[in-house]
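Participant: everything below, folded, please.
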Amino acid sequence: MKNGFFAMVSRMKYINRWALMRNEHSENLCEHSFEVAVIAHALAVIGNKRFGKNLNGERAALIGLYHDTPETLTGDMPTPVKYYSEEVRLAYKTVEENACRSLVDMLPEDFRDDFSAMFIPEEDDAELWKLVKAADKISALIKCNEEKKAGNTEFIKAGEGIRKSIDELDLPEAKVFVEEFLPAYEMTLDELR
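Facilitator: Model (predicted):
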């Protein structure tokens with residue numbers, strides 16, 4: 001449908017994450033994407049301030065905001081299913097790429113170039129996409145920690161696996177965020193003040 005892009009983006013609030021797991025608090029794509037955008041921006045700032053990089057934090061946040069939008073067309077594929085085999089992973093990647101193209105095609109032609117870069121990585125943005133991937137994993141780790149804090153043991157193994165995958169990224173910005181900022185997510189509201 002022509003000009004349906006923003007209405008489709010708005011439907012992210014109807015897509016729940018973690019479908020195969022019992023959740024104390026259900027999380028939708030809007031909540032997750034907001035958190036990824038905030039963390040991606042923070043990672044870029046960390047890269048600039050602590051490691052002398054010249055990263056565009058606003059662009060990282062924007063990519064983070066849109067990073068899961070194709071799931072409005074595909075749904076949220078649970079990680080164990082998505083990575084069940086190389087064949088399934090490649091097939092799902094093709095489905096995601098088609099969803100990205102479909103979303104961009106919902107825009108008027110004069111808008112398409114401005115938005116396609118949110119879905120299709122450009123060479124200049126490779127480092128920002130790595131930050132968004134790290135932010136996505138950090139957001140998932142935060143979710144696991146919140147569920148564990150609420151007494152939900154369902155997320156213990158997932159949290160361990162996600163923490164390991166963050167470490168394996170070998171991204172100094174992610175290491176700083178996990179060490180310096182992640183502990184505060186365990187605090188109560190009164191402790192944060």
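Participant: do you know how far the closest residue to F181 other than its chain neighbours is from A60?
Facilitator: Taking CB to CB, 6 or more residues apart in numbering, and ignoring the residues beside it in sequence, F181 has A42 as its nearest neighbour in space, at 7.2 Å. Just so you know, the C-beta spots here come from the backbone N, C-alpha and C atoms, and that holds for glycine as well. Note on A42: its distance to A60, by CB to CB, to the nearest Å, is 9 Å.
Participant: so which bits of the strand or helix carrying A174 are buried?
Facilitator: Counting by DSSP states H and E, the element that carries A174 is helix 172-180. Buried residues in helix 172-180, counting neighbours by 16 or more other CB atoms under 10 Å, are found at 173-174, 176-178.
Participant: element containing H25, please.
Facilitator: In the assignment (DSSP H and E), H25 maps to no helix and no strand.
Participant: hang on, the earlier thing: counting by contacts, list what the helix holding A174 packs against.
Facilitator: Packed against helix 172-180, as judged by 3 or more CB pairs under 8 Å, 6 or more residues apart in numbering; DSSP states H and E, are the following elements: helix 29-51, helix 126-149, helix 156-169.
Participant: got these as CSV, with mean neighbour count, mean pLDDT and distance to K2 columns?
Facilitator: As requested, those are arranged in CSV below (neighbours: other CB atoms under 10 Å; pLDDT from 0 to 100; distance: least, CB to CB, whole Å):
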stretch, mean neighbour count, mean pLDDT, distance to K2
helix 29-51, 20, 98, 23
helix 126-149, 21, 96, 29
helix 156-169, 15, 95, 39
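Participant: any chance of these in TSV, plus distance to D105?
Facilitator: What follows is the helices and strands packed on helix 172-180, written out as TSV (distance: least, CB to CB, whole Å):
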stretch	distance to D105
helix 29-51	20
helix 126-149	22
helix 156-169	32
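Participant: closest one to S116 among those helices?
Facilitator: Taking CB to CB as the criterion, helix 126-149 is the member of the helices and strands packed on helix 172-180 that comes nearest to S116, at 13.9 Å.
Participant: just the CA atoms of the closest one, as PDB, please.
Facilitator: Coordinates of each C-alpha in helix 126-149 appear next as PDB, following Å, rounded to 0.1, in the frame of the first residue of the first chain:
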ATOM      1  CA  ALA A 126      29.100  -0.500   9.300                       C
ATOM      2  CA  GLU A 127      30.500   0.500  12.700                       C
ATOM      3  CA  LEU A 128      27.100   2.000  13.700                       C
ATOM      4  CA  TRP A 129      25.300  -1.200  12.800                       C
ATOM      5  CA  LYS A 130      27.800  -3.100  15.100                       C
ATOM      6  CA  LEU A 131      26.800  -0.700  17.900                       C
ATOM      7  CA  VAL A 132      23.100  -1.300  17.200                       C
ATOM      8  CA  LYS A 133      23.700  -5.100  17.300                       C
ATOM      9  CA  ALA A 134      25.500  -4.700  20.600                       C
ATOM     10  CA  ALA A 135      22.700  -2.400  21.900                       C
ATOM     11  CA  ASP A 136      20.100  -5.000  20.800                       C
ATOM     12  CA  LYS A 137      22.000  -7.700  22.800                       C
ATOM     13  CA  ILE A 138      22.400  -5.400  25.800                       C
ATOM     14  CA  SER A 139      18.600  -4.600  25.700                       C
ATOM     15  CA  ALA A 140      18.000  -8.400  25.700                       C
ATOM     16  CA  LEU A 141      20.300  -8.800  28.700                       C
ATOM     17  CA  ILE A 142      18.500  -6.100  30.500                       C
ATOM     18  CA  LYS A 143      15.200  -7.900  29.900                       C
ATOM     19  CA  CYS A 144      16.700 -11.200  31.200                       C
ATOM     20  CA  ASN A 145      17.900  -9.500  34.300                       C
ATOM     21  CA  GLU A 146      14.600  -7.800  34.900                       C
ATOM     22  CA  GLU A 147      12.800 -11.100  34.600                       C
ATOM     23  CA  LYS A 148      15.200 -12.800  37.000                       C
ATOM     24  CA  LYS A 149      14.800 -10.000  39.400                       C
END
